[in-house]
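J.: Just to be clear, the model below is a prediction. Sequence and coordinates:
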Amino acid sequence: MDKELSPEVKQEVERQLAILQRGVAEILPAADLEKKLIRSVTTRKPLKVKLGLDPSAPDIHLGHTVVLNKLRQFQDLGHLVQLVIGDFTGRIGDPTGKSETRRQLTEDEVKENAQSYADQLFLILDRDQTEIHFNSKWLSPLDFTAVVDLAAKTTVARMLERDDFSKRYHSGQAISVHEFFYPLMQGYDSVALESDVELGGTDQTFNLLMGRQLQPHYGQEEQVILTMPLIEGLDGVKKMSKSLGNYIGIQEPAAEIYGKAMSIPDELMVKYYELVTNFPLDQLAAVKKGLAESTLHPRDAKMALAHRITAMYQGNAAADEAEAGFKRVFQERSLPKDIPSKTIASTDLEDGKIWIVPLLAKLDLVASNGDARRMVKQGAVKVAEEKVTDVDARIEVTEGMIIQVGKRKFAKVMMGE
RNA sequence: GGAGGGAUAGCGAAGUGGCCAAACGCAGCAGACUGUAAAUCUGCCGGCUCCGCCUUCGUAGGUUCGAAUCCUACUCCCUCCA
């Protein structure tokens, strides 16, 4: 660091750097971030920190929060966040999705999705330090001349550096020309907004760098790239994503968030602590040590993690309740507090009895009658705390009777007409 | 414009006339165990009125006692050459 700097500035920059470096995968290049921070601190001008969002999938899950938490840290340090809704990009189609022709979103849909995004994002971000932009604003007006001009700023060889492209190229798979435009468009967003920093997952590195490459051509200083690790989903292997169904949505019920968090593999706990919570780093070191030396029970560490995550999005009280429910069901093996009620029509009964197989189906506890048979055969079914293993069993149902399939599915029977 | 390859259950991938409701892997579900919905092990994993029957192997026809497997047309995808 420059020695002409006042100790105050120096100290402040160091403080900010320490916070911003937490959990990041890469800062490209690290020296530039420091340089920008020094300038920001001395001139008291916030950095403009950009994040691009896909307008078609407005359900935020923990995977997204890795990046969002980092943005929040920038805000806490006084910086400005620029969210870019990729409505233009979304209108053209999908870059890698081959067969799935993505339907064009209408203007209204884009607006609606953006609103839904905002509602969720501001659970994490500070509204007052956030700008929302739509990239169609500057991408739509570009004419072909401008596009060619933009395309001339990079080369095919450079494009083929992208892992995805080079793999497909060498294995003889198709790459459509327009796919080259996605990184360019994203890069141009940075030009349009004069971004100082752009965030993204490590899988976005190439696209992020494109902005850095383009900015000097438009007389701007290059943005700094900050990539965050991708977080594995519940299976512990693949990255968390909605389409893989291995995600924890931040708007899910507390019990779901808590339970799902409890189902992550042990090995992932520390990473989750680091990336999806604001757990203090020095305390995290203690947790790590405790786990390594077996002085801390992994289950307890995970429960604390699950509680923390739940509390972040559903509040402390809800987290307490979720935890209590979890203990009740899984540690004490007793019934949960809230069991969904389902109605059984009296016309389905014969002498007050009903065959177990359709009963389970009617209660939505199984996918099909075949599934019901399987569950019964496997000893997964309990009626009023009694295990039922006879597929032909006739059950005498009574109002308020509890039926259970497996460990997690319950229903309370209500009698209807 | 020409040549070739391919479309199989949620996904990936075998099968190329009967032993195919279709191997195997992943995902999913259940049981046991435990430290939790971790890990591990075991089982299940198209539908039904389930020792039997029905509908599935891109779509529509056809050959055959019998087809995911052979033929015809169509649709879609991919590669190579120009």
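T.: Cool, the structure landed.
J.: and after the helix ranked longest in chain A, which helix or strand comes next?
T.: Ranked by number of residues, the top helix in chain A under DSSP state H is helix A:298-314. Once the chain leaves helix A:298-314, the next helix or strand it forms, by DSSP states H and E, is helix A:316-326.
J.: what is the mean pLDDT for that next one?
T.: Average pLDDT, helix A:316-326: 94.
J.: Tell me the secondary structure at the residue of the stretch 251-400 of chain A found nearest RNA strand B.
T.: With CB to the nearest atom of the strand as the measure, residue A:259 is the residue of the stretch 251-400 of chain A nearest to RNA strand B, at 1.9 Å. The C-beta positions use only the backbone N, C-alpha and C, and glycine is treated the same way. Here residue A:259 is helix, with the state taken from DSSP: H, G, I helix; E, B strand; the rest coil.
J.: Just give the number of residues close to it.
T.: 20 (other CB atoms under 10 Å).
J.: now do residue A:248
T.: For residue A:248, using other CB under 10 Å, the count is 26.
J.: Spell out which residues make up each domain of chain A.
T.: For chain A, automatic domain parsing gives the domain ranges A:7-228, A:254-331, A:341-416.
J.: Mind telling me which of those domains the model trusts least?
T.: Across the domains of chain A, the lowest-scoring stretch is domain A:7-228, with a mean of 87.
J.: which ones are touching the residue of the stretch 251-400 of chain A closest to RNA strand B?
T.: Going by CB atoms under 8 Å, 6 or more residues apart in numbering, residue A:259 touches A:306, A:322, A:326, A:408.
J.: Need the nearest residue in space to residue A:235, chain neighbours excluded.
T.: Leaving aside its chain neighbours, residue A:235 sits nearest to residue A:246 (4.9 Å; criterion: CB to CB, 6 or more residues apart in numbering).
J.: same question but for residue A:126, I mixed them up
T.: Closest to residue A:126 by CB to CB, 6+ apart is residue A:75, at 4.8 Å.
J.: Distance check, the one you found against residue A:66.
T.: Plainly put, residue A:75 is 16 Å away from residue A:66 if you go by CB to CB, to the nearest Å.
J.: I'd like to know which of the domains of chain A is closest to residue A:242.
T.: domain A:7-228 (5.9 Å; CB to CB).
J.: measure that closest one end to end?
T.: 30 Å (CA to CA, to the nearest Å).
J.: Likewise for stretch A:221-229?
T.: End-to-end distance (CA to CA), stretch A:221-229: 26 Å.
J.: buried ones in that stretch?
T.: Under the neighbour-count criterion of 16 or more other CB atoms under 10 Å, stretch A:221-229 has A:222, A:223, A:224, A:225, A:226, A:227, A:228, A:229 buried.
J.: Give me every residue in the stretch 251-400 of chain A lying close to RNA strand B.
T.: A:255-256, A:258-260, A:262-266, A:297-299, A:302, A:326, A:330-331, A:357-358, A:361, A:367-371, A:373-375, A:378-380 (CB under 7 Å from any atom of the strand).
J.: ok, back up a step: and the longest helix of chain A, what's buried?
T.: A:301-314.
J.: just these now: which is nearest residue A:160?
T.: residue A:309 (40.0 Å).
J.: so that closest one touches residue A:273, yeah?
T.: No. Under the criterion of CB atoms under 8 Å, residue A:309 is not in contact with residue A:273, lying 9.5 Å apart.
J.: what's the spatially most distant residue from the centre of chain A sitting at in phi/psi?
T.: Here chain A reaches farthest from its C-alpha mean at residue A:351, the gap being 51.0 Å by CA atoms, centre = their mean. When read as degrees, to the nearest 10, the backbone of residue A:351 gives phi 60, psi 40.
J.: pretty sure the residue nearest to residue A:126 is in a helix, no?
T.: Yes. Counting by three-state DSSP, residue A:75 is found in a helix.
J.: SS state for the residue nearest to residue A:235?
T.: Per three-state DSSP, residue A:246 ends up coil.
J.: again, but for residue A:20
T.: helix.
J.: which residue packs closest to it, ignoring adjacent ones?
T.: residue A:73 (6.2 Å).
J.: likewise residue A:110?
T.: Using CB to CB, 6+ apart, the closest residue to residue A:110 is residue A:87 (4.5 Å).
J.: For that neighbour, list the residues it contacts.
T.: Residue A:87 neighbours (CB under 8 Å, 6+ apart): A:55, A:105, A:110, A:114, A:134, A:135, A:136.
J.: give me that answer again for 6 Å
T.: Contacts were defined as CB atoms under 6 Å, 6 or more residues apart in numbering; by that measure residue A:87 touches A:55, A:110, A:134, A:136.
J.: For the biggest strand by length in chain A, name the packing helices and strands.
T.: As assigned by DSSP state E, the longest strand anywhere in chain A is strand A:409-416. For strand A:409-416, the packing partners by 3 or more CB pairs under 6 Å, 6 or more residues apart in numbering; DSSP states H and E come out as strand A:341-345, strand A:402-405.
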